[in-house]
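J.: Dropping a prediction and its sequence here:
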Amino acid sequence: MELSAISKWKPVYSVPIWHNPHEGFDPDLNTCPRFRLVLIERGTGILRFSERRKSFIAPAIFCLNEREHPVLEQSMELQAQSLYFHPHLANHNFTFENIRCAIKSLPPMRQRDLYWLRPFLRRDTAYDGYLSIGPAVHLRISSLLNAISHQITQQEDVHWSCRSVSYLLELLLLLSRFQYTPDMVEQKRPFHLPARS
């Protein structure tokens with residue numbers, strides 16, 4: 001399945017971004033290499049990865065890369081949505097091969113753009129791609145996903161793809177901040193996004 005948005009405007013082109021309003025971890029969606037942001041909005045469950053299991057409870061986020069294909073083992077009252085995208089939307093030079101090279105080998109601009117993808121690439125004992133979030137963060141991420149969905153489905157003018165990518169970058173910037181400020185994710189203190197200019 002091609003997880004891309006196809007332009008309704010001429011010239012016809014595709015943008016490797018796709019929104020799934022009813023994410024159920026369908027294995028058929030693993031055939032196209034994409035990063036995947038899953039927003040768990042309601043319910044609980046257990047995902048099985050190749051060598052581990054991960055339980056979750058809403059609200060929460062999974063930041064999955066193209067190598068991760070979780071299987072939903074069980075769930076209760078699950079309601080989730082997801083965004084599939086190719087990393088070259090963060091930087092047109094990125095491929096699934098070069099995003100895992102040594103960051104110091106990259107030019108400064110690419111180092112910055114790779115930082116935005118850290119939630120999908122970093123895997124260690126402290127972080128496995130799962131983030132428990134609070135109501136304010138849930139609301140903001142849901143709003144950005146809805147904005148992206150509107151742009152790629154309605155395509156009200158020829159600039160729809162630019163706007164959808166700008167919302168994606170805003171989403172990636174928000175997620176990347178969680179790598180260094182996990183207390184914001186768990187809502188141990190109030191979380192306020194800076195006003196948009």
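T.: Arrived safely, thanks for sending.
J.: Centre-most residue in this structure?
T.: The structure's the chain has its C-alpha centroid closest to L37; by CA atoms, centre = their mean the separation is 2.8 Å.
J.: Can you read off the pLDDT for it?
T.: L37 is assigned 98 on the pLDDT scale.
J.: That one belongs to a strand, doesn't it?
T.: Yes: under DSSP: H, G, I helix; E, B strand; the rest coil, L37 falls within a strand.
J.: where does the closest residue to it other than its chain neighbours land in three-state SS?
T.: Spatially, and ignoring its direct neighbours in sequence, L37 is nearest to L83 (4.6 Å; CB to CB, 6 or more residues apart in numbering). Where you see a C-beta, it was placed from the backbone N, CA and C, and this is true even at glycine. Under the three-state scheme (three-state DSSP), L83 adopts strand.
J.: just to revisit the earlier point, could you measure the residue nearest to the centre of the chain against L174, distance?
T.: Distance, L37 to L174, using CB to CB, to the nearest Å: 11 Å.
J.: before we move on, what about A136?
T.: 11 Å.
J.: now swap in K54 and tell me
T.: 22 Å.
J.: for this protein, which spans come out with low pLDDT?
T.: 179-197 (pLDDT under 70).
J.: What helices and strands are in contact with the top helix by length along it?
T.: Longest helix of the chain, by residue count under DSSP state H: helix 135-154. On a contact count with 3 or more CB pairs under 8 Å, 6 or more residues apart in numbering; DSSP states H and E, helix 135-154 meets strand 17-20, strand 35-48, strand 71-85, helix 160-177.
J.: before we move on, back to that, neighbour count winner among K54 and L174?
T.: L174 (18 against 15; other CB atoms under 10 Å).
J.: isn't the more buried one right up against R140?
T.: Yes: using CB atoms under 8 Å, L174 is in contact with R140, at 6.9 Å.
J.: CA-only coordinates of stretch 161-173 in PDB, if you can.
T.: C-alpha atoms of stretch 161-173 as PDB (Å, rounded to 0.1, in the frame of the first residue of the first chain):
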ATOM      1  CA  SER A 161       1.600  20.200   0.600                       C
ATOM      2  CA  CYS A 162       3.700  23.100   2.000                       C
ATOM      3  CA  ARG A 163       1.200  23.600   4.800                       C
ATOM      4  CA  SER A 164       1.000  19.900   5.600                       C
ATOM      5  CA  VAL A 165       4.800  19.600   5.800                       C
ATOM      6  CA  SER A 166       5.000  22.800   8.000                       C
ATOM      7  CA  TYR A 167       2.500  21.200  10.400                       C
ATOM      8  CA  LEU A 168       4.600  18.000  10.300                       C
ATOM      9  CA  LEU A 169       7.800  20.000  11.200                       C
ATOM     10  CA  GLU A 170       6.000  21.700  14.100                       C
ATOM     11  CA  LEU A 171       4.900  18.200  15.300                       C
ATOM     12  CA  LEU A 172       8.500  16.900  15.000                       C
ATOM     13  CA  LEU A 173       9.900  19.900  16.900                       C
END
